[in-house]
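Participant: What follows is a predicted protein model with its sequence.
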Amino acid sequence: MNNVREPRKVVVLGASGFLGSAMAEHLAKAGHHVTSYCRQPTSLAASFNNVTTVTADLRDTWILADVIANADVVYHFASATHPSLFYSNPSSEYWEALQPLLVLMETAARVGVKKIVFPSSGGTIYADSDLPRIESSPTDPRSPYAVFKLTAEQLLHHSARMGQFSVDIFRVGNPYGPGQPTRPGQGVLPHWINAIQNSKPIKVFGDGTAERDYVFVDDLCRLMSLSLNRLNESETFNLGTGVATSLRKLLHHIQSMVEVPIEVQYLARRSSDIQSIALAPDRLLSQIPAFCFTPLAEGVKRTLQYHKLI
């Protein structure tokens, strides 16, 4: 799957975040020339001689232009947005989200970037359905955050149609794994782990029957690296396992592995939450038919081991 004939020049924007740092490390291990671009310093360059670290804001256009000039692929993980903040100050969050994207697009077109890879939100943009969503399924964004993701997709695809650069959109499910921080918009698992570590009750919104498509972070990195082999093509891919797992089942996995007692607190369901989501990965797996996703129980175990809970 990662049979790239020669190392690529890759820039990872937002490389200090959960997904960005994982992607940068994955690419560095594969031997590509990686530039880690983020607002917070990282230690990645200390571990790899093929990694350069740049600490700057995405809106520093002179720095950005110099860093991404003639890049093969730019992974755009940089984001100051998450679903809950959009409800408190939507205009500010839109500005924080859209302005950096537009700066990136204009700069990329000017300095010869071949491809931009953008992680969209498969967990928030689709309409409710009992069936796994395919890329052509109806969308129904229920938060400004989800609206932004769809807007970003359209802006990027327009640039691709204009021939400025190619674009891969990955509509990601619910990523999880070692190193995921306990922050709003980062998924339930790190919040639950933090609660267990501090002997506090786990909070569940709704009755626990809500279902999500959980994707282990290592799988996400391997699948998104597919773009390195597709420099001249543009596509939208679902990046999910195709399996919807309830919060109760996720909780059961944790309870079966952790020896300490776990208290559960059920709260009112949030209006922006859809009941069930699974992302059919057929289009993506057609590119790499031998790929197998990490089973949820194994991924949860590895995450709990990382946090020394088992």
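Facilitator: That came through, no problem. Numbers count the residues shown, from 1 in each chain.

Participant: Can you give me the first-to-last residue distance of stretch 278-287?
Facilitator: Length of stretch 278-287, first residue to last, C-alpha to C-alpha, to the nearest Å: 20 Å.

Participant: Begin at 55 from now on, thanks
Facilitator: Okay, using 55 as the starting number, the last item reads as stretch 332-341.

Participant: How far away from the center of its chain is that stretch?
Facilitator: 16 Å (C-alpha atoms, centre = their mean, to the nearest Å).

Participant: which ones are touching residue 120?
Facilitator: By C-beta atoms under 8 Å, 6 or more residues apart in numbering, residue 120 lies in contact with nothing. C-beta: built from backbone N, CA, C; applies to glycine.

Participant: Look up the pLDDT of it for me, please.
Facilitator: Note for residue 120: predicted pLDDT of 98.

Participant: and it, what element?
Facilitator: helix 115-122 (DSSP states H and E).

Participant: now that helix: how far from the chain's centre is it?
Facilitator: Here helix 115-122 is found 23 Å from its chain centre; the criterion is C-alpha atoms, centre = their mean.

Participant: which parts of that helix are buried?
Facilitator: For helix 115-122, a neighbour-count test (16 or more other C-beta atoms under 10 Å) marks 118, 121, 122 as buried.

Participant: The first one touches residue 160, doesn't it?
Facilitator: Right, the one you point to is residue 118. No. Residue 118 is beyond contact range of residue 160, at 10.0 Å (criterion: C-beta atoms under 8 Å).

Participant: Quick check: closest non-adjacent residue to residue 325.
Facilitator: In space, and not counting its chain neighbours, residue 325 is closest to residue 196: 7.5 Å by C-beta to C-beta, 6 or more residues apart in numbering.

Participant: So the one you found, which state does it fall into?
Facilitator: Secondary structure for residue 196, judged by DSSP: H, G, I helix; E, B strand; the rest coil, is coil.

Participant: try the one 4 residues further on
Facilitator: Look at residue 200: counting by three-state DSSP, its state is helix.

Participant: Give me the next element, helix or strand, following the helix holding residue 120.
Facilitator: Assigned by DSSP H and E, the successor of helix 115-122 is strand 127-130.

Participant: what separates that following strand from the chain centre, distance-wise?
Facilitator: With C-alpha atoms, centre = their mean as the basis, strand 127-130 stands 12 Å off its chain's centre.

Participant: That one packs against which elements?
Facilitator: Helices and strands touching strand 127-130, as assessed by 3 or more C-beta pairs under 8 Å, 6 or more residues apart in numbering; DSSP states H and E, comprise strand 63-67, helix 144-165, strand 169-175.

Participant: Next, the buried residues of the second one.
Facilitator: What it means is helix 144-165. Quick answer for helix 144-165 (16+ other C-beta under 10 Å): 147, 148, 151, 154, 155, 157, 158, 159, 161, 162.

Participant: Report the angle between it and strand 169-175.
Facilitator: Per axes from the mean of the first three to the mean of the last three C-alpha atoms, to 10 degrees, the angle that helix 144-165 makes with strand 169-175 is 160 degrees.

Participant: again with the shortest one
Facilitator: Taking the same axes, to 10 degrees, strand 63-67 and strand 169-175 form an angle of 30 degrees between their directions.

Participant: Parallel or antiparallel, which strands does strand 63-67 pair with?
Facilitator: Counting by DSSP bridges, the strands paired with strand 63-67 are strand 87-92 (parallel), strand 127-130 (parallel).

Participant: Dump the C-alpha coordinates for stretch 82-94 into CSV.
Facilitator: The C-alpha atoms that make up stretch 82-94 are tabulated as CSV, following Å, rounded to 0.1, in the frame of the first residue of the first chain:
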residue,chain,number,x,y,z
ALA,A,82,8.8,9.9,8.9
LYS,A,83,9.1,6.2,9.8
ALA,A,84,8.3,5.4,6.1
GLY,A,85,11.3,7.5,5.0
HIS,A,86,9.6,10.6,3.6
HIS,A,87,11.0,14.1,3.9
VAL,A,88,8.6,15.5,6.5
THR,A,89,8.1,19.1,7.6
SER,A,90,6.2,19.4,10.9
TYR,A,91,4.4,22.8,10.8
CYS,A,92,2.5,23.8,14.0
ARG,A,93,2.0,26.6,16.5
GLN,A,94,3.3,24.6,19.4
